[in-house]
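Colleague: I'd like to go over a predicted model; first the sequence, then the structure.
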There are 2 protein chains.
Amino acid sequence: MKAAVLNQIPGDLEIEDISVDKPAANEVLLQTTNAGLCHSDLHFMDGSWNLLPVPSVMGHESAGIVQAVGSDVQYVKPGDHVITCLSVFCGHCEFCLTGRPNLCNNNAATSRPDDASPRLFRGDTPVGQFARLGGFAEEMLVHQNALVKIREDMPLDKASLIGCGVTTGMGAAIKTAKVEPGTTVAVIGAGGIGLSAIQGARIAGANRIIAVDITNEKLDTARVCGATDTVNSAEVDDAVAAVMEMTGGGVDYAFEAIGRKETVEQAWSMSRTGGTSVVIGMMPFGQKIEITGYEIFMQEKTLKGSMMGSNAFRVDMPRYIDMYLDGRLKLDEMISHTIALEEINEGYEMMKRGEGARTVINF
Amino acid sequence: MKAAVLNQIPGDLEIEDISVDKPAANEVLLQTTNAGLCHSDLHFMDGSWNLLPVPSVMGHESAGIVQAVGSDVQYVKPGDHVITCLSVFCGHCEFCLTGRPNLCNNNAATSRPDDASPRLFRGDTPVGQFARLGGFAEEMLVHQNALVKIREDMPLDKASLIGCGVTTGMGAAIKTAKVEPGTTVAVIGAGGIGLSAIQGARIAGANRIIAVDITNEKLDTARVCGATDTVNSAEVDDAVAAVMEMTGGGVDYAFEAIGRKETVEQAWSMSRTGGTSVVIGMMPFGQKIEITGYEIFMQEKTLKGSMMGSNAFRVDMPRYIDMYLDGRLKLDEMISHTIALEEINEGYEMMKRGEGARTVINF
């Protein structure tokens, strides 16, 4: 099968022929139908998160159809439509048992018995799978706990977005922050995750949702997704001051959906006394943020991280699909480009230039 | 009446004769019976929070007996025993109406109609009241919403501690963090606030409570208050590493009860994946803290401030008094020294040297 492989860091992706093993007992082989381009892959490709063995097949936001299952798989059968998720869960650790399977780090339980035994090969060379998925490939061989089965009337290209960006943004609003009806929200960054956080805030019933970005094109999409106000931070002196003035002292919930020190600190500063700021964006490894002690205790502010939208993805993703099919979650509007696997490097170049919301590969 | 007055910043306190006005409609005149020495006053006396007009009567952790009430006061009558609290609340703003009266900043509603009209004088010179209280004085004239009425069988010297330190620490554990039974807790700093956070965690049913301090005397008191483990951070290479090893990866709740950048960052680092760190200590004005972005979102950690223990003090303080009189909240053990008003500077010198838990003035 063809796959987009990272062979050096930093580096672009190369389309190569890769062979796939047969499913082990708990594994599932998929035919990948779609894969979204998410910014997190870039952090590994450019080395700002220098933790990835190479060669590895990149990609972690995919949907597909089950081709074959291992002997112990009862959850899905060939022909089922599925989304993959990097929040692979063991189902029996403390995190899984307390409603936080997104924090499961019991990887051993969902790896091949011999950790050194890879699923993918290029000739005799083992090839890794980014995020234990490797979604930029015509086929994916993953643990069954990396999958959620979905309704067959759900278009798979839209479904793929739910595999990471949509779940991360929606979940940050609905599950991590638990945005309440009537509240005021700011979202910094109107890419795939930020637009999803805006939608989560809208669906949760926020009264006012302020989108902050540097491009008017993205702010237009933000309005389509539910933003009631926009701030082009490239066009104002101080985005924080602008939001403070619009809200008379800050928002109840501020979301950072980029992953930069400066914008995380802006989100913190935009939150009002007693308010909460949520970091969704993937910050460069080792990067620190600075916040003022006074604001922490005297204003009783909260800073929270959201790991993949605090998802229990087998519960959340089917709900998000129902919302899409009910017309409440907008996904068509978030797909700005559809490309072939061979065009993947151009897709990432567009992302680096800040163009469009989400690019999806059609296999 | 005699009062301890701050005349210059930085400066020590001077015992002076001060005259007190009569109560306005919503005001109450108290005979102060006791006042605790809390570290927050020091920040204003040494100028690290340079926001205080001088001269001002310091002190904000007091108890006393009502002497006279203004024409509109129905809540208390002469002879009632009361605690004062700096969380003066208006009762009708958004914060007050949503269970967060500790964040009320509607000072105008609880000030004298003419803000320039002071309650205290030295000759013709107006004298301020620290924290709208001025507790280091034989008499206090305050708004009725700065008071909570208490049981008359409650000793007033113990009651005074509840006016700030105990409520701040207990509330941080019970109300801000909502420590759950069975969890693991660390408290950095075993002064009055830290010991109260330890007690809050114990009363909330935590299984393991690790006290961290640099003096063994305080750690001994911490054990009396409920700490199950102690770390003398002056005797180990790395207090964070020690707590991480003791807990196999960090605590569910970490409290910082000192107010220093270094220890706030330690509390953050001691909290486990999915855990919460709470800043209780009053950090120097303008001081920032640095935390690593990776830990925020990837480990889905939470950092929260606790302003005076998230108190609704008219609800909380009577509960804490019941706990004391039931033998569950230890206050006798927290009073290390009892002094006269004239000894107040020596009391603060002891605090600066890190001696004892809480010093209380007996008027």
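Modeller: Received the coordinates, thanks.
Colleague: residue contacts, whatever residue of the stretch 1-150 of chain A ends up closest to chain B?
Modeller: With C-beta to the nearest C-beta as the measure, residue A:103 is the residue of the stretch 1-150 of chain A nearest to chain B, at 5.1 Å. Every residue, glycine included, has its C-beta placed from N, CA and C. Going by C-beta atoms under 8 Å, 6 or more residues apart in numbering or on different chains, residue A:103 touches A:95, A:307, B:273, B:274, B:299, B:300.
Colleague: would you list those in TSV and tack on pLDDT?
Modeller: Converted to TSV, the contacts of residue A:103 look like this (pLDDT from 0 to 100):
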residue	pLDDT
A:95	97
A:307	97
B:273	97
B:274	97
B:299	96
B:300	97
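Colleague: in helices, which of those appear?
Modeller: residue A:95 (DSSP state H).
Colleague: isn't residue A:169 up against residue A:201?
Modeller: No - taking contacts as C-beta atoms under 8 Å, residue A:169 lies outside contact range of residue A:201: 9.4 Å.
Colleague: between those two, what contacts are shared?
Modeller: With C-beta under 8 Å, 6+ apart, residue A:169 and residue A:201 have common neighbours residue A:255.
Colleague: quick one: the residue nearest to residue A:222 when sequence neighbours are not counted and residue B:330, what's the gap?
Modeller: Leaving aside its chain neighbours, residue A:222 sits nearest to residue A:211 (3.5 Å; criterion: C-beta to C-beta, 6 or more residues apart in numbering or on different chains). Here residue A:211 is placed at a distance of 51 Å from residue B:330 (C-beta to C-beta, to the nearest Å).
Colleague: quick one: which of the two has more around it?
Modeller: Per other C-beta atoms under 10 Å in any protein chain shown, whichever of residue A:211 and residue B:330 has more neighbours is residue A:211, with 29 against 20.
Colleague: against residue A:51, how distant is the more buried one?
Modeller: Residue A:211 is 32 Å from residue A:51, where distance means C-beta to C-beta.
Colleague: likewise for residue A:259?
Modeller: Counting by C-beta to C-beta - residue A:259 and residue A:51 are separated by 16 Å.
Colleague: tell me which of these two has more neighbours.
Modeller: Taking other C-beta under 10 Å, residue A:259 and residue A:51 do not tie; residue A:259 has more neighbours (22 against 9).
Colleague: the nearest residue to that one once chain neighbours are set aside - how many residues pack around it?
Modeller: Residue nearest to residue A:259 in three dimensions, not counting chain neighbours: residue A:281, with 3.0 Å by C-beta to C-beta, 6+ apart. Residues near residue A:281, counting by other C-beta under 10 Å, number 27.
Colleague: with residue A:260 instead?
Modeller: Using other C-beta under 10 Å as the criterion, residue A:260 is surrounded by 17 other residues.
Colleague: that one: what's it in contact with?
Modeller: A:281, A:283.
Colleague: which parts of the stretch 201-350 of chain A sit against chain B?
Modeller: By the rule C-beta under 8 Å from any C-beta of the partner chain, the part of the stretch 201-350 of chain A lying against chain B is A:259, A:261, A:264, A:273-274, A:279-307, A:310.
Colleague: narrow those residues to those in helices?
Modeller: A:261, A:264, A:293, A:294, A:295, A:296, A:297.
Colleague: for the residues you listed, give me CSV that also has neighbour count and distance to residue B:149.
Modeller: Output for those, formatted as CSV (neighbours: other C-beta atoms under 10 Å in any protein chain shown; distance: C-beta to C-beta, whole Å):
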residue, neighbour count, distance to residue B:149
A:261, 15, 49
A:264, 30, 45
A:293, 23, 34
A:294, 18, 32
A:295, 19, 33
A:296, 28, 32
A:297, 25, 28
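Colleague: let me have those in CSV, extended by pLDDT and distance to residue A:350.
Modeller: Below are those laid out as CSV (pLDDT from 0 to 100; distance: C-beta to C-beta, whole Å):
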residue, pLDDT, distance to residue A:350
A:261, 96, 24
A:264, 97, 25
A:293, 90, 41
A:294, 88, 42
A:295, 91, 37
A:296, 94, 39
A:297, 92, 43
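Colleague: determine which two of the residues you listed are furthest apart.
Modeller: A:261 and A:297 (22.0 Å; C-beta to C-beta).
Colleague: picking that back up, quick check: the residue of the stretch 1-150 of chain A closest to chain B vs residue A:263, distance?
Modeller: 24 Å.
Colleague: from residue A:119, how far off is the residue nearest to residue A:259?
Modeller: On the measure of C-beta to C-beta, residue A:281 and residue A:119 end up 30 Å apart.
Colleague: how about residue A:196?
Modeller: For residue A:196 relative to residue A:119 (C-beta to C-beta), the value is 30 Å.
Colleague: which one's more surrounded, these two?
Modeller: For the pair residue A:196 and residue A:119, the greater number of neighbours falls to residue A:196 (35 against 25), based on other C-beta under 10 Å.
Colleague: state the three-state secondary structure for the more buried one.
Modeller: Of the three states, residue A:196 takes helix under DSSP: H, G, I helix; E, B strand; the rest coil.
Colleague: from memory it sits against residue A:164, does it?
Modeller: No - judged on C-beta under 8 Å, residue A:196 makes no contact with residue A:164 at a distance of 9.7 Å.
Colleague: returning to what we had before: out of the residues of the stretch 201-350 of chain A next to chain B, which are inside strands?
Modeller: Counting by DSSP state E, those place A:273, A:274, A:279, A:288, A:289, A:290, A:291, A:292, A:302, A:303, A:304, A:305 in strands.
Colleague: buried subset of these?
Modeller: Those of these that meet the buried threshold are A:273, A:274, A:279, A:288, A:289, A:291, A:292, A:302, A:303, A:304, A:305, by 16 or more other C-beta atoms under 10 Å in any protein chain shown.
Colleague: can you put these in TSV and add distance to residue A:36?
Modeller: Compiled in TSV, those are given as follows (distance: C-beta to C-beta, whole Å):
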residue	distance to residue A:36
A:273	38
A:274	36
A:279	21
A:288	29
A:289	27
A:291	32
A:292	37
A:302	30
A:303	28
A:304	25
A:305	22
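Colleague: from the residues you listed, which is closest to residue A:207?
Modeller: Nearest member of these to residue A:207, counting by C-beta to C-beta, is residue A:274, at 16.8 Å.
Colleague: which residues touch the closest one?
Modeller: A:299, A:300, A:301, B:95, B:100, B:103.
Colleague: widest-spaced pair of the residues you listed?
Modeller: Farthest pair in the contacts of residue A:274, by C-beta to C-beta: A:301 and B:95, 13.4 Å.
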